[in-house]
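*Asks:* Just need the structure, nothing else, for what follows:
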Amino acid sequence: MTIRLTLFLAAASLAASAEAPKIISVSVPNGDRQSLYITFDPAPPEAQVKPRLRWVIYQTSPAGSRRLGILSVDISTLTTAKTIQLEVDPPVPLDVKALDVSWYGEEGAVHVPKESVSLGVDQPEGPVSGAKNKDDADIYIKGSYTAVVDGDPVYDIDAFAGFMYGIQNRSKTTFFGWLGAYGQVRTKNASKADPNSFLTYLVYQRYVGRGTRWLGPFSLPYFNYRFAGWEFDHDGKQLNFINSPVMTFPMRLSGKLGGELEPGLTFPNMTFQLGTEFVDVRTISMTNETSQLSAVLEQIVRRFAPRDRAAVPLTADTRLIEDVGIDSPRMIDVVLEVEDRFGIVIEDEAAQSIRTFGEMLSLVSGRAGAEA
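*Replies:* Residues are numbered from 1 along each chain as shown. Predicted coordinates for the structure are as follows:
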């Protein structure tokens, strides 16, 4: 009897000392005003937070106070991050003054203090934080330098900068997506750190649907439309007009595919992209601009020529191999650059038959004229 009583008292003491679940933060992201992220410490049982009726949320704005409806409760990250996601209706406006959040657990009501609620309106202060990947960055710079024995170095540079702006109605209750502008500079497989491609474009992004919850293995897809994109070369003489609509479908595999994902067997996320790119190549007219074509070809040849021969005068009789040093590997680079620049195709046999600068000028002039 004594042993049983001691064990019972010890178990009762342990149960009494268990800490009750608390809500330590509530946040509303600027990009998705229909979602509330709620973090606990410690985390309560799943059954106590899943029912929508356990949540009571009021918002206060210049338009007045109203209760928010709870559309769904996503508990997929409750056990790992102690965080759940509520999808509310209507969305929280950007001019919201306060959010009153209450949760009714088994041990009674838990009211979230005002200082623990982040309305997501003010932009974060402090140092700039690094993006996890290129798609998340507003400023991106990447470059590489490869030294070549008995040859010119190879540079690869990819850099862009831009800005995205959220679009919403005047009452700030409906979010229409993001609109932004970007500029991009590239140097690809060049012997000099000299940009050979410039691109400016507008972009529109929007989630297709409401909220950001997962339904089965899929999250809401998002639409990315890069439009009014203009690409031009080093001299600004060639323009390509680019339109690129892309739909992205985030996906993750799980053992629970019915309804919203709950904690279980989950694999790393994946994305499927469906889209296309339309490019209207604006080539330089060769009819009355042979001198302009010659200048462009001269620039290309000099770019890939060895340093000690880059200043050799180029005439119709100048031999590309003997006089300029354009050997077979360099000729491949020259042909690829010419094809990209003028939107033409030069077969291997035709490229191998080129011996002089004049022959190259004649071949490109004829192909560009035919393509036009």
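*Asks:* the helices in the stretch 51-200 of the chain, which residues?
*Replies:* 78-81 (DSSP state H, counting those that start in this stretch).
*Asks:* As a check, name the ranges of all strands in it.
*Replies:* For the stretch 51-200 of the chain, the strands defined by DSSP state E, counting those that start in this stretch occupy 55-61, 64-67, 69-74, 83-89, 98-105, 108-111, 117-118, 139-146, 154-168, 175-190, 197-207.
*Asks:* mind saving the C-alpha coords of the last one as PDB?
*Replies:* Presented in PDB, the C-alpha positions along strand 197-207 are these (Å, rounded to 0.1, in the frame of the first residue of the first chain):
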ATOM      1  CA  SER A 197      23.700  40.900 -72.600                       C
ATOM      2  CA  PHE A 198      21.500  43.500 -71.000                       C
ATOM      3  CA  LEU A 199      17.800  42.700 -70.100                       C
ATOM      4  CA  THR A 200      15.100  44.900 -68.600                       C
ATOM      5  CA  TYR A 201      11.600  43.600 -68.000                       C
ATOM      6  CA  LEU A 202       8.400  43.900 -65.900                       C
ATOM      7  CA  VAL A 203       7.000  41.000 -63.900                       C
ATOM      8  CA  TYR A 204       3.700  40.200 -62.400                       C
ATOM      9  CA  GLN A 205       3.200  37.500 -59.700                       C
ATOM     10  CA  ARG A 206       0.000  36.200 -58.000                       C
ATOM     11  CA  TYR A 207      -1.200  33.200 -56.100                       C
END
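*Asks:* can I get the strands of the stretch 51-200 of the chain in CSV with mean pLDDT, distance to residue 304 and mean neighbour count?
*Replies:* (Glycine included, C-beta is placed from N, CA and C.) Below are those laid out as CSV (pLDDT from 0 to 100; distance: least, C-beta to C-beta, whole Å; neighbours: other C-beta atoms under 10 Å):
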stretch, mean pLDDT, distance to residue 304, mean neighbour count
strand 55-61, 90, 62, 18
strand 64-67, 87, 67, 10
strand 69-74, 88, 55, 17
strand 83-89, 89, 54, 20
strand 98-105, 89, 62, 17
strand 108-111, 86, 69, 12
strand 117-118, 88, 55, 17
strand 139-146, 71, 15, 11
strand 154-168, 76, 11, 15
strand 175-190, 77, 8, 16
strand 197-207, 83, 16, 17
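*Asks:* Tell me which of those sits nearest to residue 331.
*Replies:* strand 175-190 (14.0 Å; C-beta to C-beta).
*Asks:* which residues sit against that closest one?
*Replies:* Residues outside strand 175-190 that contact it (C-beta atoms under 8 Å, 6 or more residues apart in numbering): 31-34, 91, 143, 154-169, 193-207, 223, 303, 333.
*Asks:* For beta bridges, what are the partners of the nearest residue to residue 198 once chain neighbours are set aside?
*Replies:* Closest residue to residue 198 in three dimensions, ignoring its sequence neighbours and counting by C-beta to C-beta, 6 or more residues apart in numbering: residue 232, at 5.4 Å. Applying DSSP bridges to residue 232 gives these bridge partners: residue 198, residue 239.
*Asks:* rewinding a little: of the strands of the stretch 51-200 of the chain, which approaches residue 25 most closely?
*Replies:* By C-beta to C-beta (comparing all of these), the closest turns out to be strand 117-118, at 6.8 Å.
*Asks:* helices or strands up against the closest one?
*Replies:* Helices and strands touching strand 117-118, by 3 or more C-beta pairs under 8 Å, 6 or more residues apart in numbering; DSSP states H and E, are strand 23-27, strand 98-105.
*Asks:* Could you list the residues in contact with it?
*Replies:* Residues contacting strand 117-118 (C-beta under 8 Å, 6+ apart): 25-28, 98-99, 101.
*Asks:* Taking these, tell me the two that lie furthest apart.
*Replies:* 25 and 98, at 15.3 Å, using C-beta to C-beta across these.
*Asks:* What's the local residue count around residue 331?
*Replies:* Applying other C-beta atoms under 10 Å, we find 18 residues neighbouring residue 331.
*Asks:* Let's see the helix or strand containing residue 361 as CSV, backbone CA atoms only.
*Replies:* In the assignment (DSSP states H and E), residue 361 maps to helix 357-371. What follows is helix 357-371, C-alpha atoms only, in CSV (Å, rounded to 0.1, in the frame of the first residue of the first chain):
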residue,chain,number,x,y,z
PHE,A,357,36.9,38.1,-92.5
GLY,A,358,35.4,38.9,-95.9
GLU,A,359,34.0,35.4,-96.2
MET,A,360,32.4,35.7,-92.8
LEU,A,361,30.9,39.0,-93.6
SER,A,362,29.4,37.7,-96.9
LEU,A,363,28.0,34.5,-95.2
VAL,A,364,26.4,36.4,-92.3
SER,A,365,25.0,39.1,-94.6
GLY,A,366,23.3,36.5,-96.8
ARG,A,367,21.9,34.5,-93.9
ALA,A,368,20.6,37.6,-92.1
GLY,A,369,19.0,38.9,-95.2
ALA,A,370,17.3,35.5,-95.8
GLU,A,371,16.0,35.4,-92.2
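*Asks:* Show me what it is packed up against.
*Replies:* So helix 357-371, by 3+ C-beta pairs under 8 Å, 6+ apart, packs with helix 290-304, helix 328-342.
*Asks:* So which bits of the last one are buried?
*Replies:* Of all the residues in helix 328-342, those buried under the rule 16 or more other C-beta atoms under 10 Å are 330-331, 333-338, 340-342.
*Asks:* export the contacts of strand 117-118 to JSON lines and tack on distance to residue 46?
*Replies:* As requested, the contacts of strand 117-118 are exported to JSON lines (distance: C-beta to C-beta, whole Å):
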{"residue": "25", "distance to residue 46": "19"}
{"residue": "26", "distance to residue 46": "19"}
{"residue": "27", "distance to residue 46": "21"}
{"residue": "28", "distance to residue 46": "23"}
{"residue": "98", "distance to residue 46": "29"}
{"residue": "99", "distance to residue 46": "24"}
{"residue": "101", "distance to residue 46": "19"}
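*Asks:* Fine by me, we can end here.
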